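[1] No sequence on hand, only this structure:
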């Protein structure tokens, strides 16, 4: 039974590792947590060797004492199943549980996540430790829920142990039934790859071009990894549901080769995520124009929200971050930790758990700083956490019932993401276009959602949005096209980019005029197409309706041909041999519109469409904001809450023409208002 009310109240908490610290520190730690306004702690997700120091020998004494003290201080507890870190006795005795690279190198004990999901022995031992912990803590008054494992597919998301090849072979048998159907799906007649016996079927292995396998096999590999991961997680979820049915179940992370939406549907009460906004600042492309920096993390939180409308942040960045040899992130400036906390809350988090209470003094993460430093003395981050705790003590009850509100959604799907890892003719474009649209929308204070198109997506899922942007869905099932046609026919607006609709779910190209499955909806065909690179100079398009403008036609150009009288050409190419040919079209389809943009989106081109659609901020009639301030809206039957988040170190000057109350301070706001650098307001 799922716990639909698990996030009905707001909770603030912290990750805690009692096994890392002298027991003499525990009680003072818990006391100070309560003083900061914390009500929940996560423990034990890496502690297998503490619970089972030898195979079949179980010890709960240390965590029993830690949980009793937590209960004494009225702190609730999230228990992690410790399967992300198998102990040395396990991997030494059963080396078949270890993961193996595609090149055949075994990944040994010494870090974490060094196991494979297919090993029957690892599944057996994981089930035993999960059941023992669940039976021991099922009635503990402090325990409210469980985190399965930790960050599935983090560190590595490919698996090539012998057990994985065997499991993949069984997966393909179940999927295709016969070798004839597998050979057809993988197009094995090409290059004489045809399989004549199931024993010949493996996960992709090194080839003469190294890691360049059959592309259809590679797509199925990602589907298998996802299914296999969920199958492994289900072993634990089923035990927890059976033994501790009154506890909720979640897991954390958002990593590759995993259909997190399906895992949520099948196994979890709600989804959890680990929010480190500085990843957006240390990993961004230095040549990127107008970067969003840590504000870009809001786009990722939108993807999390598509899995679970309200969610938990199981690890919220609370300080400078880094391992001994990587991820060297600087210290948050004053106010940034608070800003990032409310960034998570604004986008749907109803539980925020900081990582971590105190910075570790040993191990790979000695520079992954928590709220407290090594010295355990008061510091700026502790004071900032206390401010947040005080604010949420009275504001949390108003925030918790609300959900994020947007009228525009950016569409994604797993098939194209996984296929695009290998296919350079569409894969690199989706993130570029998605980010361009997000920049254009958020800088004009237009909230947006992220929606994953799945086999179970319904028209009701789409109807609540006025506009859908689906940048480069190369793979498009006819069923998906029919759903989008219904959405558009009823009055919705759908926007596609180049490379749309020309592949089926196997990754085969349709023998139809491009854009394939979407051709009828768009009312156009693709006359020809080209990459824009190498000897191709930068190309441009000229917008002809409304105010004329010239924008870049980036990376790839579909040269369009109008097929229906209902189509209007919105822009034409302004360079190269196809200058004057249609580049952007709008088709009136039923009560709605289908736009086709023949290139990869940039922020300027997204803005051209935004302006022509007349899209404005939902608060435009009473609120004037600077571009550095994000507007996010959560609402319920009592009305909307407007989150204002300033990502600049400099103050932002805003105008509020209707009297509002800042939920965090209780102050009345109207007229000209200054929002401090890294400042936050929640207007009610």
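    Thanks, I have the structure now. These figures come from a predicted structure and were not determined experimentally.
[2] Quickly find the element holding residue 68.
    helix 61-72 (DSSP states H and E).
[3] chain center to that helix: distance?
    Distance of helix 61-72 from the chain centroid (CA atoms, centre = their mean, to the nearest Å) equals 34 Å.
[4] Flag every buried residue along it.
    Using 16 or more other CB atoms under 10 Å as the test for burial, helix 61-72 gives 63, 66-67, 69-71. No exception for glycine: its C-beta is placed from N, CA and C like everyone else's.
[5] and what of stretch 255-273?
    255-264, 267-273.
[6] got it, and stretch 16-29?
    16-18, 20-21, 26, 29.
[7] partner strands of the following helix or strand past the helix holding residue 68, parallel or antiparallel?
    As assigned by DSSP H and E, the chain's next helix or strand after helix 61-72 is strand 76-80. As defined by DSSP bridges, the strand partners of strand 76-80 come to strand 40-43 (parallel), strand 143-147 (parallel).
[8] closest to residue 683 out of these?
    With respect to residue 683, and counting by CB to CB, the nearest of the strands paired with strand 76-80 is strand 40-43 at 27.6 Å.
[9] just to revisit the earlier point, which one of the buried residues of helix 61-72 sits closest to residue 128?
    residue 63 (17.0 Å).
[10] so where do the helices sit in the stretch 151-300 of the chain?
    162-176, 179-186, 215-243, 260-267, 279-282, 297-307 (DSSP state H, counting those that start in this stretch).
[11] Adding distance to residue 509 as columns, could you present these in JSON lines?
    Converted to JSON lines, the helices of the stretch 151-300 of the chain look like this (distance: least, CB to CB, whole Å):
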{"stretch": "helix 162-176", "distance to residue 509": "20"}
{"stretch": "helix 179-186", "distance to residue 509": "14"}
{"stretch": "helix 215-243", "distance to residue 509": "11"}
{"stretch": "helix 260-267", "distance to residue 509": "27"}
{"stretch": "helix 279-282", "distance to residue 509": "35"}
{"stretch": "helix 297-307", "distance to residue 509": "28"}
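[12] among those, which gets the worst mean confidence?
    When the helices of the stretch 151-300 of the chain are ranked by mean pLDDT, helix 279-282 comes last with a mean of 85.
[13] Name the residues of that helix that are buried.
    So for helix 279-282, counting by 16+ other CB under 10 Å, buried means 279-281.
[14] Check stretch 571-578 too.
    571-576, 578.
[15] What is the nearest of those residues to residue 57?
    Distances from residue 57 to the buried residues of stretch 571-578, taken by CB to CB, are shortest for residue 571, at 70.4 Å.
[16] Would you confirm that that closest one belongs to a strand?
    Yes. Counting by DSSP: H, G, I helix; E, B strand; the rest coil, residue 571 is found in a strand.
[17] Just say helix, strand or coil for the closest residue to it other than its chain neighbours.
    Spatial nearest neighbour of residue 571, chain neighbours left out: residue 584 (3.9 Å); criterion: CB to CB, 6 or more residues apart in numbering. State at residue 584, reduced to three classes by three-state DSSP: strand.
[18] any idea where the helices of the stretch 451-600 of the chain begin and end?
    Using DSSP H, counting those that start in this stretch, the helices found in the stretch 451-600 of the chain span residues 459-463, 478-489, 519-522.
[19] any idea which of the ones you listed is most buried?
    helix 519-522 (a mean of 23; mean count of other CB atoms under 10 Å).
[20] low-scoring pLDDT stretches of the stretch 501-650 of the chain, where are they?
    546-547 (pLDDT under 70).
[21] Okay, strands next: where are they in it?
    For the stretch 501-650 of the chain, applying DSSP state E, counting those that start in this stretch gives strands covering 524-531, 540-543, 549-552, 556-562, 567-573, 582-589, 592-597, 623-624, 629-636, 639-646.
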